[in-house]
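Chemist: sharing a sequence plus its predicted fold:
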Amino acid sequence: MEKTCLECKQPIKGRADKKFCDDSCRNEYNNRVNKDSKNLIRNVNNRLRKNWRILEELNPNDKTKISRSKMIEKGFDFSYFTSTYTTKIGTIYYFVYDQGYLPLENEYYALVKRKE
C-alpha cells in the first residue's frame, strides 16, 4: 500500500514514516491545522509577550519601583498575566512568566524578577 501526502494526496517516496511529499506541503498542512482559529490564543500570547518585554525593559536590575502611568504609557495591559504568587502574609504578586509586579500604594508597582 502506497502512502500519500497528508496535504496534496500525492504518493510519497522515501522513508516509511514520512507524512508529506516535501517541505512545502508540510508547511501548508501545519499552517492550515494550526491556523489560529485559535486567533484568541495568538492574540493572548502576543499580549503576554508585549507585557513581558515591557516589564523586562522597566526592570533591568531585577527589582525596581515604577508608576502605573509609566507602565501604561509603554502599553502594559494589567489584564494579562501568567500566574500569581501569594506570600504568607497575603500579598499578591502578578507574574508574566518570570517578570512580576506588586501593586503598592499611590499607583506605584514594585517590579521583580523570579529567580530560578
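Modeler: Here it is on my side, so go on.

Chemist: in this protein, where is pLDDT below threshold?
Modeler: Judged against pLDDT under 70, the low-scoring parts of the chain cover residues 36-37.

Chemist: okay, strands next: where are they in it?
Modeler: Taking DSSP state E, the strands of the chain run over residues 63-67, 83-86, 92-96, 99-103, 108-113.

Chemist: list the buried residues for the fourth one?
Modeler: Spelled out, it's strand 99-103. Buried residues in strand 99-103, defined by neighbour count with 16 or more other CB atoms under 10 Å: 99-102. All C-beta spots, glycine's among them, are computed from the backbone N, C-alpha and C.

Chemist: that one pairs with which strands, parallel or anti?
Modeler: Here strand 99-103 is paired, per DSSP bridges, with strand 92-96 (antiparallel), strand 108-113 (antiparallel).

Chemist: re earlier: of all the strands of the chain, which lies closest to R49?
Modeler: strand 92-96 (8.8 Å; CB to CB).

Chemist: centre of the chain versus that closest one, how much separation?
Modeler: Using CA atoms, centre = their mean, to the nearest Å, we find the averaged C-alpha position of strand 92-96 to lie 15 Å away from the chain's own average C-alpha position.

Chemist: other residues contacting that strand?
Modeler: Strand 92-96 is touched from outside by 48, 51-52, 55, 78, 80-87, 100-102, 112, 114, with contacts defined as CB atoms under 8 Å, 6 or more residues apart in numbering.

Chemist: and stretch 52-66, by the same measure?
Modeler: Identification of contacts with stretch 52-66 by CB under 8 Å, 6+ apart yields 70-71, 74-76, 96-97, 99-101, 104, 108-113.

Chemist: any of those residues buried? List them.
Modeler: The neighbour-count criterion (16+ other CB under 10 Å) marks 71, 76, 96-97, 99-101, 109-113 among these as buried.

Chemist: got the angle between the helix ranked longest in the chain and strand 63-67?
Modeler: Within the chain, and with DSSP state H defining each element, the longest helix by residue count is helix 39-58. With axes from the mean of the first three to the mean of the last three CA atoms, to 10 degrees defining the directions, helix 39-58 sits at 110 degrees from strand 63-67.

Chemist: this completes my enquiry, with thanks.
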